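**Q** this is the structure alone, sequence omitted:
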């Protein structure tokens with residue numbers, strides 16, 4: 001049964017016309033930079049304002065969930081690398097309905113993210129070219145990144161490699177400078193480690209920490225892209241194993257480490273939370289020239305990076321869905337450069353519609369698109385964990401030699417992960433300002449399952 005995963009696997013990519021031209025350096029930098037987005041550079045300020053210094057715990061708990069899910073995904077991906085990654089594992093382990101549901105949820109999520117990032121990118125650029133309307137800037141950004149994806153998978157990989165490099169270098173510089181600053185070694189600085197507990201570490205109570213987890217969990221979403229990208233690499237199993245093993249220190253350093261430094265560098269009440277970047281404020285405190293401008297450039301780079309990888313991910317998931325008869329047949333068309341161009345164009349067109357909605361109907365259509373994907377990451381994580389529970393048993397029975405990367409303390413940590421995910425979902429329902437995201441996400445989930453039952457399953461039965 002597990003052998004099904006290898007039908008349409010990375011080794012079969014050439015047979016469907018895809019080019020396995022991504023190198024290990026591309027995958028490692030995509031994995032490295034994929035976890036660093038605008039939500040860290042800007043959104044961390046809002047999390048700190050909501051939770052206080054204990055935002056460090058919120059990032060740690062959210063990171064723990066992601067680390068555990070990535071370990072499960074790494075186990076499956078190294079045992080049976082597949083086009084569509086977790087969509088394929090859900091289909092094999094839980095049934096066609098699960099593959100259809102998780103695949104289309106994931107596609108829907110990234111199409112919404114692409115539209116959102118195009119709007120954010122336009123807002124960042126608009127002050128530089130005030131004569132150009134924001135919708136036109138969004139359109140140009142979408143066109144540029146669509147072109148990058150259409151040229152070749154190698155052009156996508158190179159673009160993402162350099163965009164990710166900028167983000168990683170920025171965070172590394174911040175970690176070094178911030179550590180020197182809080183220890184009082186930086187010129188003019190005083191020992192400020194104590195700022196983390198200035199008003200008590202859990203200044204806003206224990207529930208605030210859970211509230212913070214709800215906010216930050218979506219900042220981590222995107223780490224799983226490496227398992228999808230690997231199908232077009234020359235060494236998929238090796239690359240995925242390396243990337244999933246490294247996710248632990250990436251989470252600890254980039255998120256937990258940098259947020260810890262933020263609340264040590266500046267008393268938490270003084271950290272910007274209204275759209276300004278706490279990292280820009282910290283660099284300014286270091287006395288570095290043009291800190292705000294530099295960080296804004298990095299934030300824009302992060303936005304473009306998400307746009308680039310979002311278009312790639314949405315198109316490849318759509319391509320993988322078609323391979324199983326879950327999407328229109330014409331989506332499978334691949335051009336001479338090994339690019340599924342129709343899948344890219346369709347994903348981009350939906351993105352254009354969403355961008356148009358952000359200017360024509362921001363409080364209705366665009367609101368629904370963005371907020372209805374709010375809890376999708378949690379649904380996908382839960383289905384990955386359920387797939388791993390079933391697939392691990394199958395592998396142990398049928399092909400134990402394929403288990404080259406194992407989930408820790410199976411099955412206990414898998415069940416613990418599912419409980420943590422359930423706790424975050426319940427917390428979403430308990431917080432009034434976030435509850436609508438959960439409700440709209442459940443509507444999206446129900447709609448996709450209903451489409452499967454009414455159309456896809458019936459068609460399969462008739463056939």
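**A** Everything's here; your move. Small disclaimer: the values here were computed from a predicted structure and weren't measured.
**Q** contacts only, for the residue nearest the centre of the chain.
**A** Taking C-alpha atoms, centre = their mean, the centroid of the chain lies closest to residue 222, which sits 1.8 Å from it. With contact taken as C-beta atoms under 8 Å, 6 or more residues apart in numbering, residue 222 is in contact with 34-35, 37, 306, 309. Quick note: C-beta positions are derived from backbone N, CA and C, even for glycine.
**Q** give me the distance between it and residue 313.
**A** 8 Å (C-beta to C-beta, to the nearest Å).
**Q** sorry, back to before: for the contacts of residue 222, which one is nearest residue 93?
**A** Proximity of the contacts of residue 222 to residue 93 (C-beta to C-beta) peaks at residue 34, which lies at 24.7 Å.
**Q** doesn't residue 344 make contact with residue 316?
**A** No - look at residue 316 against residue 344 with C-beta atoms under 8 Å: they stay out of range, at 9.1 Å.
**Q** what about residue 204, how many residues nearby?
**A** Per other C-beta atoms under 10 Å, the neighbour tally for residue 204 reads 19.
**Q** got it, and the one 10 residues further on?
**A** Applying other C-beta under 10 Å, we find 27 residues neighbouring residue 214.
**Q** what does the one 3 residues further on give?
**A** Residue 217: 24 surrounding residues under other C-beta under 10 Å.
**Q** now residue 424
**A** Neighbours of residue 424 (other C-beta under 10 Å): 19.
**Q** find the nearest non-adjacent residue to residue 84, please.
**A** In space, and not counting its chain neighbours, residue 84 is closest to residue 320: 2.8 Å by C-beta to C-beta, 6 or more residues apart in numbering.
**Q** what's the closest of the contacts of residue 222 to residue 206?
**A** After measuring the contacts of residue 222 against residue 206 - C-beta to C-beta - the closest member comes out as residue 35, at 26.3 Å.
**Q** per-residue confidence for that closest one?
**A** pLDDT recorded at residue 35 is 70.
**Q** quick one on the thing from earlier: more crowded one of residue 316 and residue 344?
**A** residue 316 (27 against 24).
**Q** can you list the residues that contact the helix or strand hosting residue 140?
**A** Using DSSP states H and E, residue 140 sits in helix 134-151. With contact meaning C-beta under 8 Å, 6+ apart, helix 134-151 is reached by 114, 118-119, 121-123, 125-126, 129, 155-156, 159, 304, 307-308, 311-312, 315, 335, 337, 339, 341, 344-345, 348, 351-352, 355-356, 358-359.
**Q** cutoff 6 Å now
**A** Residues from elsewhere that reach helix 134-151 (C-beta atoms under 6 Å, 6 or more residues apart in numbering): 118-119, 121-122, 125-126, 155-156, 159, 307-308, 311-312, 339, 341, 344, 348, 355, 359.
**Q** buried members of those into PyMOL, please.
**A** To isolate the buried subset of those in PyMOL, counting by 16 or more other C-beta atoms under 10 Å, use the following:
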select buried, resi 118+119+121+122+125+126+155+156+159+307+308+311+312+339+341+344+348+355
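**Q** counting contacts, what elements does the strand or helix carrying residue 353 pack onto?
**A** Element membership of residue 353 [criterion: DSSP H and E] is helix 341-360. Packing partners of helix 341-360 (3 or more C-beta pairs under 6 Å, 6 or more residues apart in numbering; DSSP states H and E): helix 96-125, helix 134-151, helix 291-323, helix 365-371.
**Q** right, and residue 202 touches residue 55 too?
**A** No - applying C-beta atoms under 6 Å as the test, residue 202 and residue 55 come out as separate, 10.3 Å apart.
**Q** more crowded one of the two?
**A** Neighbour count, other C-beta under 10 Å: between residue 202 and residue 55, residue 55 has more, with 31 against 15.
**Q** who are the contact partners of that one?
**A** Counting by C-beta under 6 Å, 6+ apart, residue 55 touches 47-48, 212, 259.
**Q** pretty sure it belongs to a helix, no?
**A** Yes - the assignment for residue 55 by DSSP: H, G, I helix; E, B strand; the rest coil puts it in a helix.
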